[in-house]
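Student: sequence? don't have it. structure:
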């Protein structure tokens, strides 16, 4: 059921793509449905180029026959389609459960339009039901840990088995739970000013629209 909703939301968002677009492909399970849907449209004649936000998304896109460009050579993206871990009524989101928030935020910043796709569980009245992922330079691990705790976080080092989980940039991730996330804008600024923090999962201004599916029905929500 949940996968059906993810697929429906992804397919609805993919309908926005037009010939000639440069599309940003997000990461995670819901974005994977979008990549599959884009691949189907490409096989039917859609002509686009794409950039990806993670190595895994790149491998998946290649399997679906989507033409990929190196983002380092790209200044502007027409449309980004990505998943989200939470989104509130003000279109503020938490992302990064898949560990790709740094690249996701960079690509989103270059995009003319960012659309997120999700099942209904991800739509919340207020942020804070999931931890905020924070990508950290390994060299700064202990110093950043102390700063995160001073901000009121309960940081947990993300692991892959017995070892620390590493992002595509070979950095570590702290998943930071907060007792209350009443001022996400102030928290985003505070996180960004900690030396050693390279990215965080608060996407507060990037999202323009959301396709959210619940029980087989897709709602399209626009920021404006």
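Tutor: Perfect, I can see it now. Please read all numbers here as calculations on a predicted model, not as lab measurements.
Student: what mean pLDDT does stretch 55-75 get?
Tutor: Per-residue pLDDT values over stretch 55-75 give a mean of 98.
Student: show me what counts as buried in that stretch.
Tutor: Applying a neighbour-count criterion of 16 or more other CB atoms under 10 Å, one finds 56-58, 60-61, 64, 66, 71 buried in stretch 55-75. Backbone N, C-alpha and C define where each C-beta goes, glycine included.
Student: likewise for stretch 157-168?
Tutor: So, applying 16+ other CB under 10 Å, buried residues of stretch 157-168: 158, 167-168.
Student: which ones are touching residue 109?
Tutor: Contact analysis of residue 109 by CB atoms under 8 Å, 6 or more residues apart in numbering lists residue 206.
Student: who are the packing partners of the host helix or strand of residue 51?
Tutor: For residue 51, the host element (DSSP states H and E) is strand 49-52. In terms of contacts (3 or more CB pairs under 8 Å, 6 or more residues apart in numbering; DSSP states H and E), strand 49-52 is packed against strand 22-25, helix 55-63.
Student: pull the residues that contact the last one.
Tutor: Applying CB under 8 Å, 6+ apart, the external contacts of helix 55-63 come out as 25-27, 31-32, 35-36, 38-39, 50, 52, 68, 98, 100, 168.
Student: out of the helices and strands packed on strand 49-52, nearest to residue 80?
Tutor: strand 22-25 (3.5 Å; CB to CB).
Student: listing partners with orientation, what would you give for that closest one?
Tutor: Sheet pairing of strand 22-25 (DSSP bridges) gives strand 49-52 (parallel), strand 79-83 (parallel).
Student: and the shortest one, what's buried?
Tutor: Translated: strand 49-52. Buried-residue list, strand 49-52, by 16+ other CB under 10 Å: 50-52.
Student: just put those residues in TSV and tack on distance to residue 6 and pLDDT.
Tutor: Formatted as TSV, those follow (distance: CB to CB, whole Å; pLDDT from 0 to 100):
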residue	distance to residue 6	pLDDT
50	20	98
51	22	98
52	19	98
